[in-house]
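Enquirer: Kindly generate the corresponding structure for this input.
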Amino acid sequence: MLTKNLPEDIILVIFSRLPVKSLLRFRSVCKLWYALITDPDFVQMHLSRSLATNTNLILILKRYPKFLYVDLNVCKQEAAVELNCPFKSPIGYRILASCHGLLCMFDDDGVVSDFRKEEVYDTFLWNPSTRTHKKLPFTLVEFPINSYYAHVTAYGFGYDPTTDDYKVIRVLQFYPPDGFFDDTKYIVSEVKEVPLPHFVDDKFHMTIGVLGGQLSILCNFSEVCVELWVMKDYGVKDSWEKQFSIEQPSVLGYFDECIRPICYSKKGEVLLETGPGVEKCSGALVLYDPHKGRASNLTPHDSRHIVSIGSLISLDAKDGAE
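Expert: Below you'll find the model as predicted:
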């Protein structure tokens, strides 16, 4: 057996390079492996490596009322696995954000609609990899005087390293009974100029994003091509590198301002989100292979999605158990 021939620290290094799905199976091999894989220090070690190497990425799709799971190491439409959502609601749930493999979910109506003082909306954390979840305690909203209802204008979910905990934030706007609101406040933040790469032709539409943890820009030269650039060293102009160019209309047809890079697959393909104006694959997720210059649809039209990371973090309750 592996544990008899190798030191424990070497075993942990090997385990840290394995996907979550394999590690979850290996817990049942023996008591020692179970203890190693479930140890909080190893859980953090595995997560840190996944974040540093941009590996173990997963795609969560919502095709009402179902949730589907796609391993981006495999990245095939037929590889999608249906998830059993542990939460039941007549209006359904919406995934708002992901952090360290945990999905933050609200009642769907609690995000898109107004709510009044007496109404309560549930908030859950869910790790679809470990099939565990946690219902968060309801925080009573203190309404200002003369305010009757509120609207969620923004939300956030993330990890706070100072407290070693996760935080959910909702930004509310309050309204009086007549529906008018005039207490407007502005947030001013510092803006830093970032140099762009040198282009032969400066007539293009630019979309800014993050790809593989690096600043990216997608330059759409209308009806000619689309170029993807990433900044390898943030703030350094000479560190811009062109990743690929998609010729129009041969690959995706004609389009304008309608695609966005999301992440890389393990095979080096780029997952692209297409808008309604893309001729050949409108409103779908597309895998583009920059080496072969080919694109294939990963999802059908109008599927909600979020990219997450597979992690071993376990929450309070197992899916299917109260």
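Enquirer: Next up, the contacts around residue 158.
Expert: Listed by C-beta atoms under 8 Å, 6 or more residues apart in numbering, the contact set of residue 158 reads 97, 99, 166, 167. From N, CA and C alone the C-beta is placed, and that goes for glycine too.
Enquirer: In ChimeraX, how would I select the buried members of those?
Expert: Only the buried entries of the contacts of residue 158 go into this ChimeraX selection, using 16 or more other C-beta atoms under 10 Å:
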select :97,99,166
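Enquirer: among the contacts of residue 158, which are in strands?
Expert: When the contacts of residue 158 are checked against strands (DSSP state E), the matches are 97, 99, 166, 167.
Enquirer: Quick one, grab the pLDDT at the closest residue to the third one other than its chain neighbours.
Expert: If the residues on either side of it in the chain are set aside, residue 166 comes closest to residue 159, at 5.5 Å by C-beta to C-beta, 6 or more residues apart in numbering. We have a pLDDT of 88 for residue 159.
Enquirer: ok, residue 159 - how many residues close by?
Expert: Neighbourhood size, residue 159 [other C-beta atoms under 10 Å]: 12.
Enquirer: any idea which element it lies in?
Expert: Using DSSP states H and E, the element containing residue 159 is strand 149-160.
Enquirer: List the buried residues of that strand.
Expert: Neighbour counts using 16+ other C-beta under 10 Å place 149, 150, 152, 155, 157 of strand 149-160 among the buried residues.
Enquirer: isn't the fourth one right up against residue 167?
Expert: No - with contacts counted by C-beta atoms under 8 Å, residue 155 stays clear of residue 167, the gap being 11.2 Å.
Enquirer: May I see the buried residues of stretch 33-52?
Expert: By 16+ other C-beta under 10 Å, the buried positions in stretch 33-52 come out as 33, 36, 37, 42, 43, 45, 46, 47, 50.
Enquirer: In TSV: the residues you listed, plus secondary structure.
Expert: Formatted as TSV, those follow (DSSP: H, G, I helix; E, B strand; the rest coil):
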residue	secondary structure
33	helix
36	helix
37	helix
42	helix
43	helix
45	helix
46	helix
47	helix
50	helix
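Enquirer: Of those residues, which is the nearest to residue 11?
Expert: Nearest to residue 11 out of the buried residues of stretch 33-52 is residue 36 (C-beta to C-beta; 6.7 Å).
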